[in-house]
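**Q** structure of the sequence below:
(one chain, ligands or ions: 2)
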Amino acid sequence: VHSKLPWVGTTIFTVMSRMAQEVGAISLSQGAPDFACSPELIDLIAHYMKMGYNQYAPMEGLLALREQIASKTERCYGFAPDPVTEVTVTTGATEGLFAAITAVVRPGDEVIVFEPCYDSYIPAIELCGGKAIRLSLEGETYRIPWQQLKQAITSRTRLLIINTPHNPTGSILRKPDIDQLTAILKDSDIFLISDEVYEHIIFDGEPHYSIAREPLLRERSFIMSSFGKTYHATGWKVGYCIAPANLTKELRKVHQFLVFSTHTATQYALAEYLKKPETYETLPDFYQEKRDKFRQMMAQTRFRLLPCSGSYFQLGSYAHLSDEADAAYATRLTKEYGVATIPVSAFYKEATDQRVLRFCFAKKDETLEKAVERLMRI
Ligand code: PMP
Ligand code: GLN
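**A** Numbers count the residues shown, from 1 in each chain. Ligands and ions are numbered 1, 2, ... in the order given. Have a look, this model is predicted:
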């Protein structure tokens, strides 16, 4: 077959999770908790399934859930999107991202992404005939290169994709970043996708600068989030997209033919569970404890830790220990030391190897302890 994605193999998350399973390694690779999600939420889903809510949900998502998403957005960011015309429930953020990209990117369009970036963006752009213009985030805090961004914009630039808190680097955008972005985009007709799936996983008391807070940006933006991250249930694949009515209309045209709708009983359950703000407001503290504990323990290993301001990922450099490429190093770490990680080069279209690994700390304390014990042998 003539491949439409000749450079794409099986996603690194599947490769590393499978390898971890095969050799019985502790997995700090794929970004998924190994602890239980809320039993109350599970009971609610079971309740609604038993009540008979087992057929298709409304295409755009259950209205009760969209209303709760709107209230949460207002509570967190001071902006209430219209649940009827501006909020869509998606089958995970992955589907929302794909639908948004497909809705706006035409053949020949340029889409600016910052690498390292989540691995679904570029394939989605290319499947639409778009061209990904890849700019590298700079330094150990992985800042957006603003000057380069300005120079990269052309008459063909259709879309820009940002992600804060950031996977895989744990960096976040702060107010000056948002101001830069606003200055660059405000007089253009470029769309923005803001991937905010880790919106509630942010540390040291820093606020999450959602694009929902920004009137000048949100009128051109698709804001994505995911209940998989917020409620420790990545397997449920429920996310959402907030976008102005004209963009939501286009997004839904794609969404209806990608999946049509999302698991019904889970939407009923989430609509109820979301009424309690503590279910998401406690998340920063919960994960900060894990981050601090993990960083403290990792300080006893020979890895050099990079800063982590958000998300549940910690980067560790081994550049001072070995010249081995990160994919080979991660494979060896899994097979010989029994700890699976993600090589950061996987987040670049053309492998850019800085000899850095990504460790997921959304794990039970005992999992983290056992993993670090093994990593101390290096
Ligand atoms: N964007 C980023 C940055 C992610 O890390 C993830 C989770 N892997 C997603 C999107 C996809 O989220 P979901 O699991 O809800 O599809
Ligand atoms: N977002 C998760 C990660 O970065 C994995 C998602 C996936 O497996 N597609 O690890």
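**Q** what's the mean pLDDT across stretch 312-321?
**A** Stretch 312-321 shows an average pLDDT of 98 in the prediction.
**Q** how close does residue 266 sit to ligand 1?
**A** 12 Å (Cβ to the nearest ligand atom, to the nearest Å). All C-beta spots, glycine's among them, are computed from the backbone N, C-alpha and C.
**Q** so is that residue in a helix, a strand, or just coil?
**A** For residue 266, the secondary structure call by DSSP: H, G, I helix; E, B strand; the rest coil comes out as helix.
**Q** next: residue 74.
**A** Quick answer, by three-state DSSP: residue 74 is helix.
**Q** how much space between it and ligand 2?
**A** Distance from residue 74 to ligand 2, by Cβ to the nearest ligand atom: 27 Å.
**Q** tally of neighbours for the closest residue to residue 74 other than its chain neighbours?
**A** Spatially, and ignoring its direct neighbours in sequence, residue 74 is nearest to residue 80 (3.8 Å; Cβ to Cβ, 6 or more residues apart in numbering). Per other Cβ atoms under 10 Å, the neighbour tally for residue 80 reads 16.
**Q** residue 80 contacts residue 70, doesn't it?
**A** Yes: using Cβ atoms under 8 Å, residue 80 is in contact with residue 70, at 5.2 Å.
**Q** circling back to that earlier point, please give the element, helix or strand, for the residue nearest to residue 74.
**A** Counting by DSSP states H and E, residue 80 is held by no secondary-structure element, helix or strand.
**Q** residues contacting it?
**A** 70, 71, 73, 74 (Cβ atoms under 8 Å, 6 or more residues apart in numbering).
**Q** again, but for residue 222
**A** Applying Cβ under 8 Å, 6+ apart, the residues near residue 222 are 96, 100, 191, 192, 193, 194, 241, 242, 243, 247, 251.
**Q** in a helix, it, correct?
**A** No: assignment of residue 222 by three-state DSSP gives strand, placing it outside any helix.
**Q** who's the residue in the stretch 101-250 of the chain that ligand 1 sits nearest to bridged to?
**A** Relative to ligand 1, the nearest point of the stretch 101-250 of the chain is residue 226 (3.2 Å; Cβ to the nearest ligand atom). Taking DSSP bridges as the rule, residue 226 bridges to residue 239.
**Q** what's the burial count for it?
**A** The number of residues near residue 226, taken as other Cβ under 10 Å, comes to 25.
**Q** isn't residue 202 right next to residue 284, touching?
**A** Yes: counting by Cβ under 8 Å, residue 202 touches residue 284, with 5.6 Å between them.
**Q** which one's more surrounded, these two?
**A** Set residue 202 next to residue 284 and count neighbours by other Cβ under 10 Å: residue 202 wins out with 22 against 19.
**Q** what are the phi and psi angles of that one?
**A** phi -150, psi 140 (degrees, to the nearest 10).
**Q** how about the nearest residue to it, chain neighbours excluded?
**A** Residue nearest to residue 202 in three dimensions, not counting chain neighbours: residue 310, with 4.0 Å by Cβ to Cβ, 6+ apart.
**Q** next one: residue 243
**A** Nearest to residue 243 is residue 222, by Cβ to Cβ, 6+ apart, at 4.5 Å.
**Q** quick one, strands of the stretch 101-250 of the chain?
**A** Here the stretch 101-250 of the chain has its strands, by DSSP state E, counting those that start in this stretch, at 110-115, 131-136, 157-163, 191-195, 221-226, 239-242.
**Q** would you reformat the ones you listed as CSV and include distance to ligand 2 and mean pLDDT?
**A** Below are the strands of the stretch 101-250 of the chain laid out as CSV (distance: least, Cβ to the nearest ligand atom, whole Å; pLDDT from 0 to 100):
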stretch, distance to ligand 2, mean pLDDT
strand 110-115, 14, 98
strand 131-136, 18, 98
strand 157-163, 11, 99
strand 191-195, 10, 99
strand 221-226, 9, 98
strand 239-242, 11, 99
